[in-house]
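> need a structure here:
(one chain, ligands or ions: 2)
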Amino acid sequence: MNILLLGSGGREHALAWAISQNPKCDRLVAAPGNAGMAEVGECLPLDIMDADAVVAFAAEMAADFVVIGPEAPLAAGVSDALRNAGFLTFGPSQAAAELEASKSFTKAVCDACGAPTAAYGRFDALEPALEYLRGQGAPIVIKADGLAAGKGVTVAMDLATAEDALRDVFDGAFGDAGAAVVIEEFMEGEEASFFVLCNGLSTLPIGTAQDHKRAFDGDEGPNTGGMGAYSPAPILTDALTARVMDEIVTPTLTEMDRRGTPFEGVLYVGLMIKDGAPRLVEYNVRFGDPETQPLMMRLGAQALDAMLACAENRLEETRINWADDHALSVVMAAKGYPGSYAKGSEIELPETGGPQARIFHAGTTISDGKLVAAGGRVLNVTARGETLAEAQARAYELVDRVTWDDGFCRRDIGWRVLKP
Ligand code: AMP
Ligand code: GLY
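Ligands and ions are numbered 1, 2, ... in the order given. The predicted model follows:
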């Protein structure tokens with residue numbers, strides 16, 4: 001098969017690696033890709049937000065399957081354009097991508113289908129939002145309604161912080177994404193994510209994970225896009241995932257179908273678990289980053305079969321073969337991230353550690369023949385093992401063999417599970 005993969009991060013490198021392991025894959029083109037993906041396929045500079053350009057290239061390469069990695073092209077309708085042009089595509093329609101692109105859309109779907117989630121109010125002006133906020137008190141959560149590249153959420157422990165966050169949103173800190181705001185009840189508990197392939201009402205759960213959002217050890221410091229992740233998430237037992245399917249995923253898919261906008265693709269179910277009960281924090285309509293890196297390390301080649309089954313509406317006849325294993329990924333970031341950081345510093349990578357450990361590239365490029373950092377999160381050092389402790393030891397052993405003076409990483413990924 002000729003396969004086109006859209007995206008350029010660590011998530012897409014992990015997807016590209018898994019796809020390339022599958023004998024069904026004859027040719028893999030990653031657009032725009034990165035230096036790591038160039039080792040498992042071809043990279044092509046393409047504006048993946050330009051639906052016409054993507055369709056034209058898919059035709060030129062005679063793509064048999066197109067996989068869309070990030071949310072932005074999904075929210076922009078690139079999957080609809082591909083499907084309309086007759087390409088088998090992995091990723092939801094623009095209408096179904098609203099589950100990620102609009103926080104208030106998801107809240108309204110939860111209201112309609114009874115899925116448990118935080119109580120909320122939605123406002124499109126500052127004054128009524130402030131009034132509601134003062135009535136609720138802190139802690140409380142302020143969210144720009146639209147897509148804000150993971151930066152539109154403030155978990156405010158006091159009212160002053162919450163009021164500042166509201167003013168920021170309405171002052172335009174998040175552009176169009178901040179035309180409206182969702183103010184949410186603060187939920188306590190432990191977070192975990194659950195990934196489900198969906199096509200209309202058919203589903204296939206494909207794993208669980210937990211990530212570490214804070215920049216520094218001990219879950220201290222500023223929020224980031226994620227500094228590391230592991231799979232599976234022990235808190236998401238089989239009994240709990242069955243409950244999440246019954247109480248949250250199936251009702252949501254039924255409501256989306258009822259609205260005439262069935263969901264097709266991977267649903268990232270972000271959960272808060274307290275006293276054994278799950279509540280929805282958020283949906284994403286694509287794989288998580290960095291959660292996909294350990295997930296793909298565990299799934300390997302069968303990830304392609306599962307995504308194909310999803311796109312061809314064959315999920316009911318599809319099974320995942322799970323090894324009883326664990327995987328963990330450590331993010332190496334440029335010093336300064338998530339604040340300002342320099343690009344262009346040189347990186348020397350070791351020979352990777354065999355089939356049990358590999359380095360996915362998140363933000364790299366080749367400059368003058370050398371591998372250099374080209375983003376905030378730069379490498380995802382990922383390993384698997386029979387236990388999480390073994391996967392962690394293997395990942396850090398590989399981290400220690402990377403030579404990159406301008407990089408840093410957390411040394412405690414997995415601590416919640418591994419603490420004595
Ligand atoms: P979101 O983009 O909606 O996932 O929010 C980003 C992060 O903010 C989540 O991963 C949680 O850690 C936190 N968060 C979001 N909503 C809530 C909530 N209602 N209660 C507590 N924490 C939340
Ligand atoms: N790691 C969180 C996300 O992918 O949204």
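
> Mind telling me which residue of the stretch 201-350 of the chain is nearest ligand 2?
With distances taken as C-beta to the nearest ligand atom, the stretch 201-350 of the chain approaches ligand 2 most closely at Gly288, which sits 3.5 Å away. C-beta: built from backbone N, CA, C; applies to glycine.

> So that residue: helix, strand or coil?
For Gly288, the secondary-structure state derived from DSSP: H, G, I helix; E, B strand; the rest coil is coil.

> mind listing what the closest residue to it other than its chain neighbours touches?
In space, Gly288 comes closest to Tyr268 once its chain neighbours are excluded; the distance is 5.3 Å by C-beta to C-beta, 6 or more residues apart in numbering. By C-beta atoms under 8 Å, 6 or more residues apart in numbering, Tyr268 lies in contact with Ser193, Phe194, Phe195, Tyr283, Asn284, Val285, Arg286, Phe287, Gly288, Glu291.

> Can you give me the neighbour number for the last one?
Spelled out, it's Glu291. Glu291 is surrounded by 28 other residues when neighbours are defined as other C-beta atoms under 10 Å.

> so what's the residue of the stretch 201-350 of the chain closest to ligand 2 scoring on pLDDT?
Gly288 is assigned 95 on the pLDDT scale.

> repeat for the one 10 residues further on
At Arg298, the pLDDT value in this model is 96.

> returning to what we had before: for the residue of the stretch 201-350 of the chain closest to ligand 2, phi and psi?
Here is the backbone geometry of Gly288 (degrees, to the nearest 10): phi -80, psi 150.

> Report how many residues lie close to Gly385.
Neighbour count for Gly385, taken as other C-beta under 10 Å: 18.

> Not including adjacent chain positions, what is the nearest residue to it?
Across the structure, with C-beta to C-beta, 6+ apart as the measure, the residue nearest Gly385 apart from its sequence neighbours is Ala391 (3.7 Å).

> Surely that neighbour is in a helix?
Yes. Counting by three-state DSSP, Ala391 is found in a helix.

> Could you report the neighbour count for it?
Counted with other C-beta under 10 Å, residues neighbouring Ala391 total 28.

> Pull the contacting residues for it.
Tyr230, Pro294, Asp325, His326, Ala327, Leu328, Ala383, Arg384, Gly385, Gly414 are the contacts of Ala391 under C-beta under 8 Å, 6+ apart.

> how about the nearest residue to the second one, chain neighbours excluded?
What it means is Pro294. Leaving aside its sequence neighbours, Pro294 is closest to Ala327 (3.6 Å, by C-beta to C-beta, 6+ apart).

> quick revisit: export the contacts of Ala391 as TSV, with columns for pLDDT and secondary structure.
Compiled in TSV, these are given as follows (pLDDT from 0 to 100; DSSP: H, G, I helix; E, B strand; the rest coil):
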residue	pLDDT	secondary structure
Tyr230	98	strand
Pro294	97	helix
Asp325	95	coil
His326	97	strand
Ala327	98	strand
Leu328	98	strand
Ala383	97	strand
Arg384	97	strand
Gly385	97	strand
Gly414	96	coil
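
> okay, among those, which ones form the most distant pair?
For the contacts of Ala391, the maximum inter-member distance is 14.2 Å, found between Asp325 and Gly414 (C-beta to C-beta).

> And the two? Which one has more around it.
Gly414 (23 against 17).

> so Arg122 sits right up against Asp145, yeah?
Yes. With contacts defined as C-beta atoms under 8 Å, Arg122 counts as touching Asp145 at a distance of 7.1 Å.

> anything in contact with each of these two?
By C-beta under 8 Å, 6+ apart, Arg122 and Asp145 have these common neighbours: Ser104, Ala180, Val181, Val182.

> list the contacts for the second one?
With contacts defined as C-beta under 8 Å, 6+ apart, the neighbours of Ala180 are Ser104, Arg122, Phe123, Asp124, Asp145, Gly146.

> Out of these, which sit inside strands?
Assignment to strands by DSSP state E places the following of the contacts of Ala180 there: Arg122, Phe123.

> so can I have CSV of the contacts of Ala180 showing neighbour count?
Output for those, formatted as CSV (neighbours: other C-beta atoms under 10 Å):
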residue, neighbour count
Ser104, 19
Arg122, 19
Phe123, 21
Asp124, 13
Asp145, 24
Gly146, 20
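
> Would you agree Leu295 falls within a helix?
Yes. Under three-state DSSP, Leu295 falls within a helix.

> And for it, the neighbour number?
As a burial measure, the neighbour count of Leu295 was computed by other C-beta under 10 Å and equals 29.

> Can you tell me the closest non-neighbouring residue to Ala389?
When the adjacent residues along the chain are set aside, Ala389 lies closest to Leu418, with 5.8 Å between them (C-beta to C-beta, 6+ apart).

> Tally up the residues packed near the one you found, please.
Number of residues near Leu418 (other C-beta under 10 Å) recorded here: 14.

> ok now do it, which residues does it touch?
Remark: with contacts taken as C-beta under 8 Å, 6+ apart, Leu418 is in contact with Leu388, Ala389, Gln392.

> Can you flag the buried ones in those?
Leu388, Gln392 (16 or more other C-beta atoms under 10 Å).

> Just the closest of the contacts of Leu418 to Met332, please.
Ranked by distance to Met332 (C-beta to C-beta), the contacts of Leu418 are led by Gln392 at 15.0 Å.

> hang on, the earlier thing: reformat the contacts of Ala391 as CSV; add distance to ligand 2.
Written out in CSV, the entries for the contacts of Ala391 read as follows (distance: C-beta to the nearest ligand atom, whole Å):
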residue, distance to ligand 2
Tyr230, 12
Pro294, 12
Asp325, 21
His326, 18
Ala327, 15
Leu328, 14
Ala383, 19
Arg384, 19
Gly385, 22
Gly414, 15
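
> closest to ligand 1 among these?
Closest approach to ligand 1 among the contacts of Ala391 (C-beta to the nearest ligand atom): Tyr230, at 15.8 Å.
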